[in-house]
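# The amino acid sequence is not available; the structure is as follows:
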């Protein structure tokens, strides 16, 4: 494991807290200090089209708890859900979407998501076996000039805290294909991470849900922690 220094974690925490404060319109405290109650989180994206956006209900509480425990970051345990049409979208800088079925955005929602991501937000799309075709269609409409590219195993996202030399871990077999991590970058910043043929959310769920081995569940958690820390680290790079 590659540990982060206390100074690095503090800088990351303060930097993202400033972004959160700016996004909500709240003022920074006297002397430029971040209020002590600033918290980080992950928000589930609710979408239309018939896909089960609510799949893996125990996944986000578990990965949030693991991030908090393993990093010491002030992670909120509150479960948050947002639609792209919601006026509060700007209050949710880290979005997570999953499901087995169809994803369908309106033109307005596509424009909202594009602006949100380019403005500094991040989206993790986690294929839960069935999401792939519709997600690729939608993301190409949102970023026609900047498509998904495969992220190599030597990328820092696989090594920021835990060393994952083979890259994205395989959690569920599905078609038996190797897992692949794809990304969209804007001005050098990773704004979309797409985990395909992996199903990280299944590995984050309660152990009795899928009966995955402790080793498999641990690899899913390590990837989730790495991804979260890498997204935060982009703020101070």
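Ah, there it is. Everything numeric in this text was worked out from a predicted model, so none of it was measured. Numbering: from 1, shown residues only.

# And the helices in this protein, which stretches?
Here the chain has its helices, by DSSP state H, at 6-24, 59-71, 107-118, 132-142, 200-204, 207-210, 214-233.

# what's the most buried one of those?
helix 200-204 (a mean of 26; mean count of other Cβ atoms under 10 Å). Placement of C-beta: from N, CA and C, glycine included.

# now for it, which elements pack on it?
Applying 3 or more Cβ pairs under 8 Å, 6 or more residues apart in numbering; DSSP states H and E, one finds that helix 200-204 contacts helix 59-71, helix 207-210, helix 214-233.

# thinking again about what came up before, let me have the helices of the chain in CSV, extended by mean pLDDT.
What follows is the helices of the chain, written out as CSV (pLDDT from 0 to 100):
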stretch, mean pLDDT
helix 6-24, 45
helix 59-71, 95
helix 107-118, 97
helix 132-142, 97
helix 200-204, 95
helix 207-210, 79
helix 214-233, 96
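
# Tabulate the ones you listed (CSV), appending distance to residue 93.
Below are the helices of the chain laid out as CSV (distance: least, Cβ to Cβ, whole Å):
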stretch, distance to residue 93
helix 6-24, 6
helix 59-71, 14
helix 107-118, 8
helix 132-142, 17
helix 200-204, 19
helix 207-210, 28
helix 214-233, 9
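
# Nearest to residue 82 among these would be which one?
The closest of the helices of the chain to residue 82 is helix 107-118. By Cβ to Cβ, the value is 10.0 Å.

# Give me the contacts around the closest one.
47, 83-85, 89-90, 105, 123, 138, 141-143, 186, 191-192 (Cβ atoms under 8 Å, 6 or more residues apart in numbering).

# ok, back up a step: out of the helices of the chain, which comes closest to residue 151?
Nearest of the helices of the chain to residue 151, taken as Cβ to Cβ: helix 214-233 at 10.5 Å.

# I'd like the distance from the closest one to the chain centre, please.
Helix 214-233 sits 10 Å away from the centroid of its parent chain (Cα atoms, centre = their mean, to the nearest Å).

# So that it lines up with my notes, have the first residue be 36 from now on.
All right, first residue 36 from here; so that's helix 249-268.

# Show me what it is packed against.
Helix 249-268 packs on helix 41-59, helix 94-106, strand 224-231, helix 235-239, going by 3+ Cβ pairs under 8 Å, 6+ apart.

# for stretch 203-221, which positions count as buried?
203-207, 209, 214-217, 219 (16 or more other Cβ atoms under 10 Å).

# swap in stretch 120-135?
Under the neighbour-count criterion of 16+ other Cβ under 10 Å, stretch 120-135 has 124-134 buried.

# Also stretch 112-120?
Neighbour-count burial for stretch 112-120 flags 115, 117, 119 (criterion: 16+ other Cβ under 10 Å).

# Who are the contact partners of the last one?
For residue 119, the contact set (Cβ under 8 Å, 6+ apart) comprises 80, 82, 140, 143-144, 147-148, 151.

# separation between the residue lying closest to it once chain neighbours are set aside and residue 151?
Of all residues not flanking residue 119 in the chain, residue 144 sits nearest, at 3.9 Å (Cβ to Cβ, 6 or more residues apart in numbering). According to Cβ to Cβ, to the nearest Å, residue 144 and residue 151 sit 10 Å apart.
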